[in-house]
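*Asks:* no sequence on this one, just coordinates:
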């Protein structure tokens, strides 16, 4: 199946439509909420939470004995929240740093989850098959009820986002001030964290534990490069997330043996790479171009100053000098001479250059600025 | 105990020790999550190595994996140096991308490759004794024991050789450069060693247990001591204890050994986190409570010092004016009485001589705001603590 066929099929094929809608909604919600995680410098929280959710899934199964995805997700949510607050506890109550706390919770919770999963597998009731899809994710297992749940959660978090927009924004950029002016920072903090954990838990089934963190932060990291405004960033991250979901699903569906989760992650990574290189304000490419242009301008000015130093010893500043005497001077090229002439700072006749009054004034002005700065 | 059982425990203990030492430095250098990143991102290295050699036991696999491990560190640092994203974001972008590439490479060739993502990630210690090192038909013991044993020996010798360098560059990169020890060389040396340890260990115990074995013992030890040597010693101890007790726990439950060891590490951390004498949660909370009580006491005594009117010194006023909860007020009163700082006469509270001296000292302290004074003050005046 080619990609164009896929998009044609999308309108008719029920399964494809469900899966695509699911991954798109998931990408959008993770992108939006991920923006908050990235700006709060909690990028890897997603990784820790998705691992920490595993024992919850296993315990929910052991307690209820049912494989209903709602129950399992509830278990994941509870253990994800327990993990998150333990991480908070470790970083605030001890001198251990957040990376240690994250890694610790991530690995020990996940280990506990594995212990429970293998324990379940040894049990006589054979109902446990499919629990391991939470490890690596299987978009193909998405059904309409899952997608409906995702849409409901997305809608609720959107409403909450809009309701508390000002508070969220304040909390992100100046938590101390937020508290001073009387907002309940703890409540807002709990709210943000709760929705981030919720988004992660929703994604587990689709992309799995390991790749969940990328879905959360890649769209946000990409969006961050294009804007300095929070609202634009959140919208853009949602869009990038949704597009990653759609294209990732399309590519994986149009090829054999291509799991959806990793493809979505790679598509999102391409968005990030593109943004890191090509974003106009912060991107590497334009930064390099600006850097080179600045260096060129600087060298041009250095050449002009050098000429000024020569010209100032002569009574007539426009006395012609041989171009040769510039030979040992760095920053002098034919091109710079040409530019200096175009600016009207020097005139060139044959093998000689001469400074114009305008160029002299310009260079003198630079000297003045220098002495002021000093 | 059968001989495979003994072998599994020895392997687990050796892996735990090999992970604990680099783990201490990763935790101290705030780079704990690099181990997580490496353990996932080496997957494409293994797959490429496998495509080339078609042999899951080839040492080339370890080499490729270790190279990708170092590549991960380099990439993370490059992205971070651009200043466009924060360090943790850089880690979170690099390793899922590399891991995804690995997964896709495996799944595209799923038919003819006997390589399982589950096995790579999760590992199964129970199978380790079956993969044996055979030389001329003689059985030399489990292969992973040889691999991890050599890695452990290399780590220990490097640690002994470069202990001073590691210590200085970890705690003061500036001083270390001034002493002629390049922090960059030490950094990449440590990163390469961690990468090799992760690669060697994950084959035996799986990626996630490697992370647990690197971070958890070091984090636990860090709650108990700030002496580097003691911290390494304690990490080794916790790692080995968790490895062996985790094995028996798994044996009893008939469940994953890796999972069980990680769980045991978590439980040990939880216990230390709660009960550590100085840095534990309970002692921290107790100390906070005590400090709050002492502050309340000082406030109350200062109030007494300022007011001569009976109305202001009535025992009920304690609650009304300073707005303490009833229990707290009573506690403050008891503490002050016990320490002979006040006397109560017909429900009127007055300062004793000692109380007067104390308040004057406190005023001095408040005006000068010197932290070291408060402790000597407490020792001088408090017979009983809150």
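*Replies:* Done, it's in. Note that the structure is a prediction, hence the values are computed from the model and not measured.
*Asks:* Packing partners of the one helix or strand residue A:235 maps to?
*Replies:* Element membership of residue A:235, judged by DSSP states H and E, is helix A:230-253. Contact partners of helix A:230-253 among helices and strands, from 3 or more C-beta pairs under 8 Å, 6 or more residues apart in numbering or on different chains; DSSP states H and E: helix A:3-10, helix A:14-39, helix A:165-173, helix A:185-224, helix A:260-278. Every residue, glycine included, has its C-beta placed from N, CA and C.
*Asks:* I'd like the average pLDDT over the fourth one.
*Replies:* Mean per-residue pLDDT for helix A:185-224: 89.
*Asks:* Name the residues of the helix holding residue A:235 that are buried.
*Replies:* Going by neighbour count (16 or more other C-beta atoms under 10 Å in any protein chain shown), the buried part of helix A:230-253 is A:230, A:233-253.
*Asks:* For residue 129, report the pLDDT, please.
*Replies:* Using chain A. Model confidence at residue A:129, expressed as pLDDT, equals 60.
*Asks:* not what I meant, chain B
*Replies:* Value listed for residue B:129 in the pLDDT field: 78.
*Asks:* circling back to that earlier point, output the helices and strands packed on helix A:230-253 as TSV; include the columns mean neighbour count and distance to residue B:59.
*Replies:* Rendered in TSV, the data for the helices and strands packed on helix A:230-253 read as follows (neighbours: other C-beta atoms under 10 Å in any protein chain shown; distance: least, C-beta to C-beta, whole Å):
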stretch	mean neighbour count	distance to residue B:59
helix A:3-10	14	41
helix A:14-39	25	40
helix A:165-173	16	49
helix A:185-224	26	26
helix A:260-278	23	27
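*Asks:* For these, give me TSV that also has distance to chain B.
*Replies:* Listed next are the helices and strands packed on helix A:230-253 as TSV, based on distance: least, C-beta to the nearest C-beta, whole Å:
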stretch	distance to chain B
helix A:3-10	17
helix A:14-39	6
helix A:165-173	14
helix A:185-224	3
helix A:260-278	3
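*Asks:* Specify the stretch among these that is closest to residue B:105.
*Replies:* Residue B:105 lies closest, by C-beta to C-beta, to one member of those: helix A:260-278, at 9.7 Å.
*Asks:* roughly how far out does that closest one sit from the chain middle?
*Replies:* Here helix A:260-278 is found 10 Å from its chain centre; the criterion is C-alpha atoms, centre = their mean, to the nearest Å.
*Asks:* now the angle between helix A:185-224 and it, please.
*Replies:* Put simply, helix A:260-278 runs at 70 degrees to helix A:185-224, going by axes from the mean of the first three to the mean of the last three C-alpha atoms, to 10 degrees.
*Asks:* Tell me the helix or strand right after helix A:260-278.
*Replies:* Past helix A:260-278, the next helix or strand by DSSP H and E is helix A:284-311.
*Asks:* Any idea which of the helices and strands packed on helix A:230-253 gets closest to residue B:266?
*Replies:* helix A:185-224 (16.7 Å).
*Asks:* if we can go back for a sec, want to throw the helices and strands packed on helix A:230-253 into JSON lines with distance to residue A:337?
*Replies:* Shown next, in JSON lines, are the helices and strands packed on helix A:230-253 (distance: least, C-beta to C-beta, whole Å):
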{"stretch": "helix A:3-10", "distance to residue A:337": "54"}
{"stretch": "helix A:14-39", "distance to residue A:337": "48"}
{"stretch": "helix A:165-173", "distance to residue A:337": "49"}
{"stretch": "helix A:185-224", "distance to residue A:337": "43"}
{"stretch": "helix A:260-278", "distance to residue A:337": "34"}
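*Asks:* Excluding chain neighbours, what is closest to residue B:263?
*Replies:* Leaving out its chain neighbours, the residue that sits closest to residue B:263 by C-beta to C-beta, 6 or more residues apart in numbering or on different chains is residue A:112, at 4.4 Å.
*Asks:* the residue most distant from the middle of chain A, which is it?
*Replies:* Most distant residue from the mean C-alpha position of chain A: residue A:315, 60.9 Å away (C-alpha atoms, centre = their mean).
*Asks:* which SS state does that one fall under?
*Replies:* Secondary structure state of residue A:315, per DSSP: H, G, I helix; E, B strand; the rest coil, is coil.
*Asks:* Quick check: it vs chain B, distance?
*Replies:* To chain B, residue A:315 is 51 Å away according to C-beta to the nearest C-beta, to the nearest Å.
*Asks:* Low-confidence ranges, the stretch 201-350 of chain B, go.
*Replies:* Scanning the stretch 201-350 of chain B for pLDDT under 70 picks out B:318-327.
*Asks:* Now do the helices in it.
*Replies:* All helices of the stretch 201-350 of chain B, identified by DSSP state H, counting those that start in this stretch, fall at B:207-224, B:228-253, B:257-275, B:281-306, B:310-313, B:317-322, B:326-338.
*Asks:* got it, and the stretch 1-150 of chain B?
*Replies:* With helices called from DSSP H, counting those that start in this stretch, the stretch 1-150 of chain B shows them at B:3-28, B:32-41, B:43-53, B:59-81, B:87-108, B:117-122, B:143-161.
*Asks:* Now the element after the helix or strand hosting residue A:112, going C-ward?
*Replies:* Following DSSP H and E, one finds residue A:112 within helix A:98-122. For helix A:98-122, the following helix or strand on the C-terminal side (DSSP H and E) is helix A:133-136.
*Asks:* and that next one, what does it pack onto?
*Replies:* Helices and strands touching helix A:133-136, by 3+ C-beta pairs under 8 Å, 6+ apart, are helix A:54-64, helix A:185-224, helix B:117-122.
*Asks:* didn't residue A:355 look like it was pressed against residue A:308?
*Replies:* Yes. Under the criterion of C-beta atoms under 8 Å, residue A:355 makes contact with residue A:308 at 7.1 Å.
*Asks:* Which one's more surrounded, these two?
*Replies:* Set residue A:355 next to residue A:308 and count neighbours by other C-beta atoms under 10 Å in any protein chain shown: residue A:355 wins out with 26 against 20.
*Asks:* For that one, name its beta-bridge partners.
*Replies:* In this entry, residue A:355 is beta-bridged to residue A:346, by DSSP bridges.
*Asks:* In contact with it, which residues?
*Replies:* A:307, A:308, A:311, A:317, A:318, A:345, A:346, A:363 (C-beta atoms under 8 Å, 6 or more residues apart in numbering or on different chains).
*Asks:* 6 Å - rerun?
*Replies:* Contacts for residue A:355 (C-beta atoms under 6 Å, 6 or more residues apart in numbering or on different chains) come out as A:307, A:311, A:317, A:318, A:346.
*Asks:* Pull the number of nearby residues for the residue of the stretch 101-250 of chain B found nearest chain A.
*Replies:* At 3.6 Å from chain A, residue B:212 is the closest residue in the stretch 101-250 of chain B, using C-beta to the nearest C-beta. Residues near residue B:212, counting by other C-beta under 10 Å, number 38.
*Asks:* Setting the sequence-adjacent residues aside, check what's closest to it.
*Replies:* With sequence-adjacent residues excluded and distances taken as C-beta to C-beta, 6+ apart, residue B:212 is closest to residue A:107, at 3.6 Å.
*Asks:* Contact partners for the one you found?
*Replies:* If a contact means C-beta under 6 Å, 6+ apart, then residue A:107 has B:208, B:211, B:212, B:262 as its contacts.
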